[in-house]
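Engineer: build me a structure from this.
(one chain, ligands or ions: 1)
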Amino acid sequence: MTVAVALCFLLREESGHSCVLLGRKKTGFGVGKIVGVGGKLEAGESDGDAACREMQEETGVCVRPGDLERAGRIFFDFPARPAWNMDAALFVARRWSGVPLESAEIAPSWHRVDRLPLGLMWQDAGHWLPLALSGDQPRLRVVMRPDNQTVADVENLDTGHRVAWQF
Ligand SMILES: Nc1[nH]c(=O)nc2c1ncn2[C@H]1C[C@H](O)[C@@H](COP(=O)(O)OP(=O)(O)OP(=O)(O)O)O1
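Structural biologist: Predicted structure coming up:
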């Protein structure tokens, strides 16, 4: 089984640097990690509508579906816990209304794209987040180890290229 999720990354320029909105997850899956804002699609909902709804619920920011740009797709596989398998649609947005505020789920924060807090994120984020934010539209499958935390390998679904994770 695979759960469909949508993640939305707000992008803005600040002092000549491109910055992205991420957030520290306060509850649920991945608690304590810095993650993209987003979550599961509801029944009958499009991925774009879910990205906008989750952004509104978790940060109070309003993004119009027409302001979303597709930024890639990542399949997260948890062989030891297949119920956690996810199909994540990635979006970026450069226009929105409102200011991100902390909610029960997320403590939002802006980060320079060239200084992403990868050490505080899921271990796989370094493989796809820089690509997604630069417009490369990655399509990857990330396979997690039995600890459900560390990465076993990453497959590029367009090229078939596989990278076994090196420690
Ligand atoms: N390996 C991984 N790397 C990553 O960067 N994000 C991952 C990941 N595996 C899962 N995620 C993200 C995608 C998704 O947005 C999130 C989990 O979904 P949710 O936020 O909906 O989970 P929760 O259990 O907190 O939500 P609810 O039960 O809907 O309240 O974790």
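Engineer: every contact and neighbour count from this point should use C-alpha atoms.
Structural biologist: Will do.
Engineer: quick check: residue 150 touching residue 123?
Structural biologist: Yes. Using C-alpha atoms under 8 Å, residue 150 is in contact with residue 123, at 6.1 Å.
Engineer: partners of the longest strand anywhere in the chain in the sheet?
Structural biologist: Selection of the longest strand in the chain by residue count, based on DSSP state E, yields strand 3-14. According to DSSP bridges, strand 3-14 forms sheet pairs with strand 17-25 (antiparallel), strand 37-40 (antiparallel), strand 86-93 (parallel).
Engineer: how far off strand 3-14 does the longest helix along the chain point, in degrees?
Structural biologist: Longest helix in the chain, counting residues (DSSP state H): helix 47-59. Put simply, helix 47-59 runs at 70 degrees to strand 3-14, going by axes from the mean of the first three to the mean of the last three C-alpha atoms, to 10 degrees.
Engineer: chain center to helix 47-59: distance?
Structural biologist: The gap between where helix 47-59 is centred and where its chain is centred comes out at 12 Å by C-alpha atoms, centre = their mean, to the nearest Å.
Engineer: so what touches it?
Structural biologist: 4-8, 37-42, 61-65, 68, 89, 91, 99-106, 108 (C-alpha atoms under 8 Å, 6 or more residues apart in numbering).
Engineer: contacts only, for the most centrally placed residue in the chain.
Structural biologist: Taking C-alpha atoms, centre = their mean as the criterion, residue 36 is the residue nearest the geometric centre of the chain, at 3.9 Å. Residue 36 sits next to 7, 8, 9, 21, 22, 23 when contact means C-alpha under 8 Å, 6+ apart.
Engineer: could you report the pLDDT at the first one?
Structural biologist: The model reports residue 7 with a pLDDT of 98.
Engineer: just checking, it touches residue 40?
Structural biologist: No. Judged on C-alpha under 8 Å, residue 7 makes no contact with residue 40 at a distance of 9.0 Å.
Engineer: more neighbours: those two, which one.
Structural biologist: residue 7 (24 against 18; other C-alpha atoms under 10 Å).
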